[in-house]
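following is a predicted model, sequence given first.
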Amino acid sequence: MVRYCLNRLWQTVIVLLGVTLITFILMNVVPGNPVLMMLGQRADEETVARVEHELGMDQPLHVQYGRFLKGLVQLDLGRSYFRKVPVVDLVASRFLVTAKVALVTFVISMVLGVGIGIIAAINRGRALDRGLMALAILGISAPSFWVALILQIIFGLMLGWLPISGLDSWKSYILPCFALGTRFAATTARFTRTSMLDVIGQDYVRTARAKGLREAVVILQHSFKNALIPVVTLSGMQLGGLLCGSILTESVFTIPGIGKLTVDSMMERDLPLLQGCIIYIAIVVVLCNLLVDLSYALIDPRIRVTAKGV
């Protein structure tokens, strides 16, 4: 098991190094000079050259990349060209905002998705199953920003029950979290239903029923536990996506999260800030995938046995 974990950690480090290299190369081949955006198009060549030297942009690419990696290890990604504050501080402050929204959304989507999926699987082929899956298809098909606008119009403008922008109180989280969680809950419901149907027909489930166990025990302990692998995989991907921020939803609700910060840094061509946002997104996605891999071994004993031979 320890060897299995170390192997996954090593793979994670390799992936992150690859992401940093690709990100750095792309940032330096994109057309345009960020110094001119900072100083304006009327800046003279001497001033531009002086600022480029101060920022280290006149050094060879391999030297700049080495300095970038050194700063990354020390949690120093430089200062934002336009905001004049450390990139790490900016990303950290926006991460806290996105994380609050993401965790609430994740809990809502998982509770609704798993519950709907189990109910639909138990009632396979019945009207309740067809109705729930129709709602799930609608939830998957509806774009998050469209759901966000509809929720704003109905509950914010027409009824006046909930705020439509910012995160000033706990009520401010309701609309953006439900807007973000609609698609995730619908996808989780379909995955849970499919996985449950695969398990419910197994011999050990029929044996559990033949022993006279209560249906709730058969479903939750014998069926759902063995149907968790696909659901855990999906939930890890969803949590990673939520922690990376939803650009459109954050824009609709004016949420100062990591998604909006990434777009702003891209429009301003603020290279240090954009690199910091991309590295953050890469780390979140890779770590979520790592946690999913490690959770497999906790859920399925067969993976622990296989891991001994890794």
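Everything's here; your move.

so what's the gap between stretch 264-283 and the chain middle?
On the basis of CA atoms, centre = their mean, to the nearest Å, stretch 264-283 sits 16 Å off its chain's mean C-alpha point.

what about the nearest residue to residue 209 once chain neighbours are set aside, neighbour count?
In space, and not counting its chain neighbours, residue 209 is closest to residue 218: 5.6 Å by CB to CB, 6 or more residues apart in numbering. Where C-beta positions appear, they are placed from N, C-alpha and C, glycine not excepted. Under the neighbour criterion other CB atoms under 10 Å, residue 218 is assigned a count of 19.

for residue 153, same thing?
Residues within reach of residue 153, counting by other CB under 10 Å, total 12.

now do the same for it: its pLDDT.
Residue 153 is assigned 88 on the pLDDT scale.

same question, residue 200
In this prediction, residue 200 carries a pLDDT score of 78.

OK, contacts around it?
Contact criterion CB atoms under 8 Å, 6 or more residues apart in numbering gives 121, 223 as the residues in contact with residue 200.

recalculate using a threshold of 10 Å.
Contacts were defined as CB atoms under 10 Å, 6 or more residues apart in numbering; by that measure residue 200 touches 121-122, 124, 206, 209, 218-219, 222-224, 226-227.

between these, which is nearest residue 185?
When the contacts of residue 200 are compared for distance to residue 185 (CB to CB), residue 121 wins out at 15.6 Å.

that older thread, how much space between the residue nearest to residue 209 and residue 173?
Spatial separation of residue 218 from residue 173 under the definition CB to CB, to the nearest Å is 37 Å.

residue 161 should be in a strand, yeah?
No. With DSSP: H, G, I helix; E, B strand; the rest coil as the criterion, residue 161 is assigned coil and is not in a strand.

would you mind checking the contacts of residue 200 for buried ones?
Buried residues within the contacts of residue 200, counting neighbours by 16 or more other CB atoms under 10 Å: 121-122, 218-219, 222-224, 226-227.

mind listing what residue 219 touches?
The neighbours of residue 219, taking CB under 10 Å, 6+ apart as the test, are 118, 121-122, 196, 199-200, 205, 208, 213, 225, 227.
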